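Enquirer: what's the 3D shape of this:
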Amino acid sequence: MPEVIFEDTARHLVIERSGACNAAFAELLARTVWGSGGVRYTMPGIAETLQNLKEPHFLSLKEKGDLAAVLTVIPKKVLLGGQNYPACYSYALAVEPNRRRRGYGALLSEQALRFGLGLLGEKGVYYGYVEADNSNSLKTLEKVGRRAIGQFRILAVSRVLPKDDARLEPPAATEKGRLVRLLTEQYEDHALLDLEQSVKWEDYHLIREGKEIVAGLQCQRGHLSIKYLPGPGGVVLTKVLPYIPILRSLFPHRNFRFLNIGNIYADSGREAEIFTLMEALLARNRLHFGMIYLDPRSPIYQRLMAAGKFGALNKLINVPVQVMAFLKGFTAAETAGIRRQPLFISMQDPV
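Expert: Numbers count the residues shown, from 1 in each chain. Reported below is the predicted structural model:
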């Protein structure tokens, strides 16, 4: 049964928490157009995303019994300043179009933050992602006390005719512990690290040289329906590609299907093998695009940028994303230290 966590009898408003996502909740998210000042899109596969979340809290704001807004809070653990802390990831705030401009988004964000902070104990972090151009959502989160602790970029890998590579293999059972250690060493100076939770071995792939792991990554399929994309990239993707027969299949009817790529490992000097891995996985999944989410301050971002070979799409897309957080129980000095760290963008957190 849903649990009431907030009630305003004067306005006939109730916020309920449930561990299960009902059809109305998922349907609102599926038809929501995300973004404001920059890219705008819908997420046709969001119902499946919600089903795959681990121990989520689904929050529903209702007005006179009718669904008005929804938001999901996902508990987890992350590394901050070299120590593990409880965390909550806030995902997919949506308001019914005919109930916008009534403050419901701010109200649900405020009560979700209060609920999430209650799960953290004395010290932890509540955070989520918002496109830097989405001024409406940023203002809403700032009103309830969340602040940007960093920013990440979306890097796009594109291949018109991706080639497979026979060296691509899953990790052996005996390699998993070693691979976690390699990833931990590579990202040890990052905040929000959660490798023990985010690494899924069934989705992980690597390239070896002899018995040595030289490159590895994790991937999962994604799907967006693009409604608007600003700048020259938007013109090319929505106005030009549909009329070029050989390229039309890359972006049919504005449906953008791709691989989300993360938990990247590369031995020093072997960054090119990451691109070999990505291309082989695109070939095996019969896709043409991969999306990577990295903080520009991260050494792995800088190493991949130096290696190049992203493809034409990366030059057309520029979507910076703010990480908006509330740090509970941290001193000013600790908070400043966290802000100086590059941020780890987790495969566990739906973007």
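
Enquirer: so how many other residues sit close to K143?
Expert: Residues within reach of K143, counting by other CB atoms under 10 Å, total 13. Heads up, the C-betas are built off the backbone N, CA and C, glycines and all.

Enquirer: show me what contacts it?
Expert: If a contact means CB atoms under 8 Å, 6 or more residues apart in numbering, then K143 has A106, S109, E110 as its contacts.

Enquirer: Scan these and report the most crowded one.
Expert: Among the contacts of K143, S109 has the most neighbours (other CB under 10 Å), with 24 neighbours.

Enquirer: Now that we're looking at that residue, what pLDDT does it have?
Expert: Taken from the predicted model, the pLDDT recorded for S109 is 95.

Enquirer: before we move on, what about I246?
Expert: Here the pLDDT value assigned to I246 is 54.

Enquirer: same thing with G38?
Expert: What the model reports for G38 is a pLDDT of 65.

Enquirer: And for the one 5 residues further on?
Expert: At M43, the pLDDT value in this model is 94.

Enquirer: repeat for K143
Expert: Taking K143 on its own, its pLDDT is 87.

Enquirer: Kindly report the same for S249.
Expert: The predicted local distance difference test score for S249 is 64.

Enquirer: Please identify which of the contacts of K143 is nearest to L304.
Expert: Out of those, the one with the shortest distance to L304 is S109. That distance is 33.6 Å, counting by CB to CB.

Enquirer: part of a strand, is that closest one?
Expert: No. Membership of S109 in a strand is not supported by DSSP: H, G, I helix; E, B strand; the rest coil, which gives helix.

Enquirer: from now on call the first residue 539
Expert: Sure, I'll start counting at 539 from here, so that last one is S647.

Enquirer: Could I get the contacting residues of the residue lying closest to it once chain neighbours are set aside?
Expert: Nearest residue to S647 in three dimensions, chain neighbours excluded: V682, at 5.0 Å (CB to CB, 6 or more residues apart in numbering). For V682, the contacting residues are A644, S647, E648, L651, by CB under 8 Å, 6+ apart.

Enquirer: Kindly reformat those as CSV containing distance to H743.
Expert: Compiled in CSV, the contacts of V682 are given as follows (distance: CB to CB, whole Å):
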residue, distance to H743
A644, 42
S647, 37
E648, 42
L651, 37
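
Enquirer: Under the pLDDT cut-off, which ranges of the stretch 539-688 of the chain? List them.
Expert: For the stretch 539-688 of the chain, the stretches flagged by pLDDT under 70 are 574-576.

Enquirer: now the helices: where do they sit in it?
Expert: Ranges of helices in the stretch 539-688 of the chain, per DSSP state H, counting those that start in this stretch, are 561-569, 584-589, 642-658, 673-681.

Enquirer: Which other helices and strands does the third one contact?
Expert: To tie it back to what came earlier, the one meant is helix 642-658. Under the contact definition 3 or more CB pairs under 8 Å, 6 or more residues apart in numbering; DSSP states H and E, helix 642-658 sits against strand 541-546, strand 551-556, strand 595-601, strand 604-618, strand 621-633, strand 662-669, helix 673-681, strand 859-866.

Enquirer: Buried residues of the longest one, list them for me.
Expert: With burial defined by 16 or more other CB atoms under 10 Å, the residues of strand 604-618 counted as buried are 605-614, 616-618.

Enquirer: of the contacts of K681, closest to P880?
Expert: Here the nearest of the contacts of K681 to P880, counting by CB to CB, is S647; it sits at 26.1 Å.

Enquirer: and the protein, what are its domains?
Expert: Each structural domain of the chain that the record assigns through automatic domain parsing is listed here as a residue range: 541-661+674-679, 693-854.

Enquirer: Tabulate those (a markdown table), appending distance to E872.
Expert: Converted to a markdown table, the domains of the chain look like this (distance: least, CB to CB, whole Å):
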| stretch | distance to E872 |
| --- | --- |
| domain 541-661+674-679 | 6 |
| domain 693-854 | 11 |
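
Enquirer: and F864, which of those is closest to it?
Expert: Comparing the domains of the chain by their distance to F864 (CB to CB), the top pick is domain 541-661+674-679, with 6.1 Å.

Enquirer: I'd like the distance between K681 and P834.
Expert: Counting by CB to CB, to the nearest Å, the gap from K681 to P834 is 27 Å.

Enquirer: Please apply the same query to L720.
Expert: Distance check for L720 against P834: by CB to CB, it reads 22 Å.

Enquirer: likewise I692?
Expert: Shown here: I692 relative to P834, a distance of 11 Å by CB to CB.

Enquirer: Over to V695?
Expert: 17 Å.

Enquirer: so M885 touches G800, yeah?
Expert: Yes. Here M885 reaches G800: they are 4.1 Å apart, a contact under CB atoms under 8 Å.

Enquirer: So which residues of the stretch 789-889 of the chain form helices?
Expert: With DSSP H, counting those that start in this stretch as the criterion, the stretch 789-889 of the chain has helices spanning 810-823, 837-845, 851-854, 870-878.

Enquirer: Comparing those helices, which yields the minimum mean pLDDT?
Expert: helix 851-854 (a mean of 80).

Enquirer: That one: which residues count as buried?
Expert: Neighbour-count burial for helix 851-854, counted by 16+ other CB under 10 Å, picks out L851, N852, L854.

Enquirer: which of those lies closest to L842?
Expert: The closest of the buried residues of helix 851-854 to L842 turns out to be N852 (CB to CB; 10.6 Å).
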